[in-house]
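Student: fold the following.
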Amino acid sequence: MGDHSNIQWTDATWSPTVGCTRVSDGCTNCYAFQLHDQRHAAYLAGRMPNAPAQYHRPFSKVQLIPERLSLPLRWTKPRCIFVDSMSDLFHADVPNDYLVRVFAAMAAAPQHQFQVLTKRPQRMHRFVTEAANNLEAIRVQMNELEFDLMRPLTETVPQWPLPNVWLGTSVENQAAAYRIDWLVKTPAAVRFLSCEPLLGPVDLAPYLCQHWSHNGCADAEGVWECMQCGQRHRDVPDERGSITVLELLPGTPRSEYRVRREMVSRGRTIDWVIAGGESGPDFRPLDLDWARGLRDQCVAAGVPYFHKQNGGRTAKAGGRELDGRTWDEMPQVLQAA
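Tutor: Below you'll find the predicted structure:
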């Protein structure tokens, strides 16, 4: 953790919590899990007697580190900050009142862009939608930060969602794509996907269609065909204005009603996609066609695509190029800055 990072798509990392538990295939070779538990084992064996307190417990025990909350406020130079690279902020063991304190710190540092990534988007959605009605708690915590820093903060909570907080979820393969449904329903300045390690193809068609007004017919599984682009999409209800009506087609039994989705001002639901292969001694090889599939979907929809690495025994072993070039695209919020 620090004000510089080797992660290509961010500038710095900030970990107000440490620790996590595995929830899906993408967690199998988690670098944070392995690194932490190596140091924890060294501490227990007496090889690291002066190890920081976080290594006194295994990684599976989530720890809150409140002394780090004010750290981004001390960084005056604007930067992108990856939040909780050594944890998952929305883990069940992180209490809601601590989440409020983390969001207060981000609100108090508007010079930065905070990138929050989770494999638990259900809880993220619940917290963000509930916090919209409880901004006073965030303001109280901002006052506490003023006391800790011994200087006044000029910022208040200007709007919700916070304009400098990006929310993302990890999607390593199609089996994890259900997480996107929760992400697109969550208000955020920027919504992004981290498809790393990429372990299989991922269909983003339901989330990248940008048509402002179109009709389609959906079957009982929620798969419908956009009458404007001709693509078949899985139904994604969200707060951006989707309207459901039941439609009885001529000659169709009542048990086989079809649902017509009228999408009004839906817009794009994903603003940025990161992908990359796994690295480490037990890495699972990346099929470049999986990455090409993501890239091509993003290019067609005008969504920025960032190809982190091809993976291998080390992060640099396979290089970063995809089809002869690097892909380092970032969301427009940064391109305009």
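
Student: low pLDDT regions in the stretch 101-250 of the chain?
Tutor: Low-confidence regions of the stretch 101-250 of the chain, defined by pLDDT under 70, span residues 147-158, 209-250.

Student: tell me where the stretch 151-300 of the chain has helices.
Tutor: Listed in chain order, the helices found in the stretch 151-300 of the chain under DSSP state H, counting those that start in this stretch are 178-184, 205-208, 288-301.

Student: tabulate these (TSV), appending mean neighbour count.
Tutor: Backbone N, C-alpha and C define where each C-beta goes, glycine included. As requested, those are exported to TSV (neighbours: other Cβ atoms under 10 Å):
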stretch	mean neighbour count
helix 178-184	20
helix 205-208	20
helix 288-301	17
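
Student: to Gln141, which of these lies closest?
Tutor: helix 178-184 (25.0 Å; Cβ to Cβ).

Student: how about the helices of the stretch 151-300 of the chain in CSV, adding distance to Thr76?
Tutor: As requested, the helices of the stretch 151-300 of the chain are arranged in CSV below (distance: least, Cβ to Cβ, whole Å):
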stretch, distance to Thr76
helix 178-184, 31
helix 205-208, 36
helix 288-301, 34
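
Student: tell me which of these sits nearest to Glu196.
Tutor: For those, distance to Glu196 was read as Cβ to Cβ. The smallest value, 10.0 Å, belongs to helix 288-301.

Student: tell me which other helices or strands that closest one touches.
Tutor: Using 3 or more Cβ pairs under 8 Å, 6 or more residues apart in numbering; DSSP states H and E, the elements in contact with helix 288-301 are helix 205-208, strand 272-275, strand 305-307.

Student: ok, 6 Å please
Tutor: When contacts are defined as 3 or more Cβ pairs under 6 Å, 6 or more residues apart in numbering; DSSP states H and E, helix 288-301 packs onto strand 272-275.

Student: thought Ser87 was touching Thr21?
Tutor: No. No contact is recorded between Ser87 and Thr21 when judged using Cβ atoms under 6 Å, the distance being 10.3 Å.

Student: show me what Val18 is bridged to.
Tutor: Assessed by DSSP bridges, Val18 has beta-bridge partners Gln63.

Student: tally of neighbours for it?
Tutor: 24 (other Cβ atoms under 10 Å).

Student: from Leu167, how far out is it?
Tutor: With distances taken as Cβ to Cβ, to the nearest Å, Val18 is found 21 Å from Leu167.

Student: what do you get for Ser194?
Tutor: Using Cβ to Cβ, one obtains 11 Å as the distance from Ser194 to Leu167.

Student: try Glu146
Tutor: Counting by Cβ to Cβ, the gap from Glu146 to Leu167 is 26 Å.

Student: those two: who's more crowded?
Tutor: The neighbour count for Glu146 versus Leu167, taken as other Cβ under 10 Å, is higher for Leu167 (25 against 14).

Student: quick one: contacts for that one?
Tutor: For Leu167, the set of contacting residues under the criterion of Cβ atoms under 6 Å, 6 or more residues apart in numbering consists of Val116, Thr186, Ala188, Arg191.

Student: partners of the closest residue to the third one other than its chain neighbours in the sheet?
Tutor: Distances taken as Cβ to Cβ, 6 or more residues apart in numbering place Leu167 nearest to Ala188, at 4.0 Å, with adjacent residues excluded. The bridge-partner assignment for Leu167, based on DSSP bridges, gives Val116, Arg191.
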